[in-house]
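Visitor: Whatever this is, show me its structure:
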Amino acid sequence: MTDPIADYLTRLRNAIGAKHRVVEIPASNLKKEITKILFEKGYILNYKFVEDGPQGTIKIALKYDAANKNSAIKKLIRVSTPGLRKYTGYKEMPRVINGLGIAIISTSKGVMTDKEASAQKVGGEVLCYVY
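Guide: All right, here's what the predicted structure looks like:
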């Protein structure tokens, strides 16, 4: 596997498409940070880090609307890839759906959303868009 973040996003996308309640994903520090952001912003219901084996797994409970069974996550788009990295400064932060979605940025101060990075005046690598 050459791109673990793309694999993470694809597993989430596939689980949402199949209407699964829980998805298990191999863990890494970056994936843990992205999962925490998704939980804080209300895109997933809950998560748990399970320490088993050399790296462990992340169990993510997906969030669906009770009335029409639609997922809280509409799209997950990988922006920066191993072959083509996309960087941004804090003045040129991307706006996802005119501010309704979030961009997850890997900065020198850690992984954060586009709004948090703008507030702290740091730029970095744009990992993905979520809406």
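
Visitor: Give me the distance between the residue of the chain most remote from its centre and residue 3.
Guide: Farthest-out residue of the chain from its mean C-alpha position, per Cα atoms, centre = their mean: residue 67, at 24.9 Å. Distance of residue 67 to residue 3, given as Cβ to Cβ, to the nearest Å: 36 Å. Just so you know, the C-beta spots here come from the backbone N, C-alpha and C atoms, and that holds for glycine as well.

Visitor: can you map out the helices along this protein?
Guide: 4-17, 29-40, 114-120 (DSSP state H).

Visitor: Mind checking those for the one nearest to residue 90?
Guide: Counting by Cβ to Cβ, residue 90 lies closest to helix 114-120 out of the helices of the chain; the figure is 5.3 Å.

Visitor: can I get the CA coordinates of the closest one in PDB?
Guide: Below are the C-alpha coordinates for helix 114-120, written out as PDB (Å, rounded to 0.1, in the frame of the first residue of the first chain):
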ATOM      1  CA  ASP A 114      -8.700  24.800   7.500                       C
ATOM      2  CA  LYS A 115     -10.400  27.200   9.900                       C
ATOM      3  CA  GLU A 116      -8.100  26.300  12.800                       C
ATOM      4  CA  ALA A 117      -5.000  26.600  10.600                       C
ATOM      5  CA  SER A 118      -6.200  30.100   9.400                       C
ATOM      6  CA  ALA A 119      -6.800  31.200  13.000                       C
ATOM      7  CA  GLN A 120      -3.300  30.000  14.000                       C
END
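
Visitor: CA atoms of stretch 26-46 as CSV?
Guide: Below are the C-alpha coordinates for stretch 26-46, written out as CSV (Å, rounded to 0.1, in the frame of the first residue of the first chain):
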residue,chain,number,x,y,z
PRO,A,26,-5.6,-0.3,10.5
ALA,A,27,-4.3,2.5,12.8
SER,A,28,-1.5,5.1,12.4
ASN,A,29,-0.9,8.4,14.2
LEU,A,30,-2.1,10.4,11.2
LYS,A,31,-5.2,8.3,10.8
LYS,A,32,-5.9,8.8,14.6
GLU,A,33,-5.7,12.6,14.2
ILE,A,34,-8.0,12.6,11.2
THR,A,35,-10.5,10.4,13.0
LYS,A,36,-10.5,12.8,16.0
ILE,A,37,-11.2,15.7,13.7
LEU,A,38,-14.1,13.9,12.0
PHE,A,39,-15.5,13.1,15.5
GLU,A,40,-15.1,16.7,16.8
LYS,A,41,-16.8,18.1,13.6
GLY,A,42,-19.8,15.7,13.9
TYR,A,43,-19.1,13.6,10.8
ILE,A,44,-18.8,10.3,12.7
LEU,A,45,-20.8,9.0,15.7
ASN,A,46,-17.9,7.6,17.8
